[in-house]
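K.L.:
Got a sequence here, can you build the structure:
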Amino acid sequence: MLASDEDGGTLEALKFSLASDIVELLVLTTDGDFLQTLRDAVGGARRLWHVLSADKVSDLLVAGEVGIVVLDAQALHEAASVFVGQIKRQFPDLVVVAAGHRDDETSLAGLISAGLVYRFIHKPMSPARAKLFAEAAIRKYEDQRRRAAEAPRRKPAPPSGRNRLAGVAIGALALAAVVAWMVHRSGGEEATAPPTAEAAKAASTDSSQLARAAAALAANRLTEPPGDNALEFYLGLLARNPADSSARAGLAEVHERLLARAENALLEERLDEAAAAIETARKSGIEGGRIAFLTAQLAKSRERTKTAQAQIQQQSRARTEPQSTAALDAKRALALRLLEEARSAIDRREFAHAAALIDSANGIAVPANIESVQGLLAAARKQADVDAWGQLLKNANERLLQDRLIEPANDNAKYFYLTLKQLDPGNAALSSVLQDLGTRLAGKARRALILGQVDAAKSWLDEAGAIGFTSAEVSSAQHDLDAALAKQNFMTNLVPANQLTLLKSVQPVYPSKAEAKKMQGWVDVEFTVLETGKVKDVAVRAASIPGVFEDAAVKAVSQWRYQPILRDARPVPVRTQIRVRFTLS
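P.N.:
Just a heads-up that it's a prediction; the model follows:
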């Protein structure tokens, strides 16, 4: 951490505060392609933070208002399930999306079933699928915020995860107590009599069924097996008491998990499984927009799958059937369609998909048409690079204006400058950014030197050197820093007093008040012996009785003379320390 710009500031004053920024998405990954795909999917309307190590995740979660966390299992040094469990216990309202391969999904299966991991992304993924995942997570996050905003302020936030199960159990106990009280009150003159056996039995039954419902929900037995699932238990409770808040909350959680199961299957393109999950959700009583939306998405996915299969079959027939006029026409039609879809993919900047379509058309399309679309792809990729470099330059200049020179990690002027320099070393704007950034770093170093913050000044100058910036101001600040470090070293490296030869000693004048009170003591003083042997810069370091003997000690030592210390046959100044004692004879 470096020095503050404010006069009198300390090193702590420059700490970057993340609490003022609302962080919407946080991504932990070391996979550059995966990160870029997510950035493209989220777009500029959402803010995305990137960290490379798990220890940085908690810092941002504590400092900001993170709603969505994407965790790449390959970036976690510990077991992914352990880490996810830890952050969900600490931040239960987070929308957690995990990413990885099949074995990673297996290790997280329990957390996915329990709803602690909202979605699992299989790598690698296309930009289109990434967009679907991002939109689903954002909808989930915004739905949570909307429900929280609509809830009355005096009503506590609904518990999540294990806390919700505990709440259900507590609600069951409360329900039993209320039933007992109502029976007790309704007796009129017989109010003092104990509750009827029927009422006690009903309350006990509801409490038992509520506990069984909570256990089924915890085990993710949502609709199966018959007679022992959360849906049937909660519906039974509501049939007896439609106002049962615990049963209503439990049923809402069952509905949410059924919808999540359907959305997961749909995003993973497991269409038969998605259709079954949607039907199960509908039969459970879910109605409205989300069911309609999922049904429409299922229909679109099936249509895309059908079209893709037809294209593959057409392509296969075109390659194997005799070259009749009809076959040639079909081959030409397929080639034109593949190339047209490649152009559409290029327009959407789905370059990998476009390249695959061009490869499929190769051999059946006219070579000139293939070459034309390949040219479009190359130009689009180049333009995408230019746009990306332009965004890096814009980010660098914005961070300079915000004075975010080196912090926070991966979102500061230095980071964007060095990234742009690596990707586009010939960019004409690099020199301007370098000059601005280097000048600001040198100014920070100069300010730190003025405030006497030597370590901070050295850090700022090191940052300037790391980006390759040199200037007269940097050289001047480095010269002053070297002098300050030399002085600091001189002042801290004391020569033992017994190595010096005292030529003249002046006894201190005993303070009259101390003498009258028969007070004795000592004072430790530190001072410089100049090349001439004179004493200079006398400073008190400690005293046995503060405020009594210090002045007398300083006045006396200031008049002492020493034999100069020689190094390489030349006198040099040295720093030493001695204890001056005050005793009564």
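K.L.:
going forward, measure contacts between C-alpha atoms and count neighbours the same way
P.N.:
Fine.
K.L.:
counting contacts, what elements does the strand or helix carrying Ala136 pack onto?
P.N.:
Per DSSP states H and E: Ala136 is located in helix 127-150. The elements that helix 127-150 packs onto, with contact taken as 3 or more Cα pairs under 8 Å, 6 or more residues apart in numbering; DSSP states H and E, are helix 32-42, strand 68-72, strand 95-100, strand 119-122, helix 245-267.
K.L.:
what residues does that helix touch?
P.N.:
37-38, 40-42, 67-68, 94-95, 97, 118-119, 121, 157, 267, 350 (Cα atoms under 8 Å, 6 or more residues apart in numbering).
K.L.:
now the angle between strand 95-100 and it, please.
P.N.:
On the basis of axes from the mean of the first three to the mean of the last three Cα atoms, to 10 degrees, helix 127-150 is oriented at 160 degrees to strand 95-100.
K.L.:
Using CSV, list the CA coordinates for helix 127-150.
P.N.:
What follows is helix 127-150, C-alpha atoms only, in CSV (Å, rounded to 0.1, in the frame of the first residue of the first chain):
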residue,chain,number,x,y,z
PRO,A,127,-21.1,-17.4,-26.5
ALA,A,128,-24.8,-18.1,-27.0
ARG,A,129,-24.9,-20.6,-24.1
ALA,A,130,-22.9,-18.2,-22.0
LYS,A,131,-25.5,-15.5,-22.6
LEU,A,132,-28.3,-17.9,-21.5
PHE,A,133,-26.4,-18.8,-18.3
ALA,A,134,-25.7,-15.1,-17.5
GLU,A,135,-29.3,-14.0,-18.1
ALA,A,136,-30.6,-16.8,-15.9
ALA,A,137,-28.3,-15.9,-13.1
ILE,A,138,-29.1,-12.2,-13.4
ARG,A,139,-32.8,-13.0,-13.4
LYS,A,140,-32.4,-15.0,-10.2
TYR,A,141,-30.4,-12.2,-8.6
GLU,A,142,-32.8,-9.5,-9.6
ASP,A,143,-35.8,-11.6,-8.5
GLN,A,144,-34.2,-12.0,-5.0
ARG,A,145,-33.6,-8.2,-4.8
ARG,A,146,-37.2,-7.5,-5.9
ARG,A,147,-38.7,-9.9,-3.3
ALA,A,148,-36.5,-8.3,-0.6
ALA,A,149,-37.6,-4.8,-1.6
GLU,A,150,-41.3,-5.8,-1.6
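K.L.:
relative to helix 245-267, how tilted is that helix?
P.N.:
170 degrees.
K.L.:
before we move on, back to that, hmm, which two among the contacts of helix 127-150 are most spread apart?
P.N.:
Ala157 and Glu350 (41.7 Å; Cα to Cα).
K.L.:
out of those two, which sits in the busier spot?
P.N.:
Glu350 (19 against 11; other Cα atoms under 10 Å).
K.L.:
Let me know the pLDDT of that one.
P.N.:
Reported pLDDT at Glu350 in the predicted model: 93.
K.L.:
what sits against it?
P.N.:
Per Cα under 8 Å, 6+ apart, neighbours of Glu350: 126-127.
K.L.:
do Asn229 as well
P.N.:
Asn229 neighbours (Cα under 8 Å, 6+ apart): 213, 216-217, 221-223.
K.L.:
With Val506 instead?
P.N.:
Contacts of Val506 by Cα under 8 Å, 6+ apart are 556-557, 559-560.
K.L.:
Among the residues you listed, name the buried ones.
P.N.:
The neighbour-count test (16 or more other Cα atoms under 10 Å) marks 557, 560 as buried among the contacts of Val506.
K.L.:
May I see the contacts of Val506 arranged in JSON lines, with distance to Ala539, pLDDT and secondary structure as well?
P.N.:
Listed next are the contacts of Val506 as JSON lines, based on distance: Cα to Cα, whole Å; pLDDT from 0 to 100; DSSP: H, G, I helix; E, B strand; the rest coil:
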{"residue": "Ala556", "distance to Ala539": "12", "pLDDT": "97", "secondary structure": "helix"}
{"residue": "Val557", "distance to Ala539": "10", "pLDDT": "97", "secondary structure": "helix"}
{"residue": "Gln559", "distance to Ala539": "14", "pLDDT": "97", "secondary structure": "coil"}
{"residue": "Trp560", "distance to Ala539": "14", "pLDDT": "97", "secondary structure": "coil"}
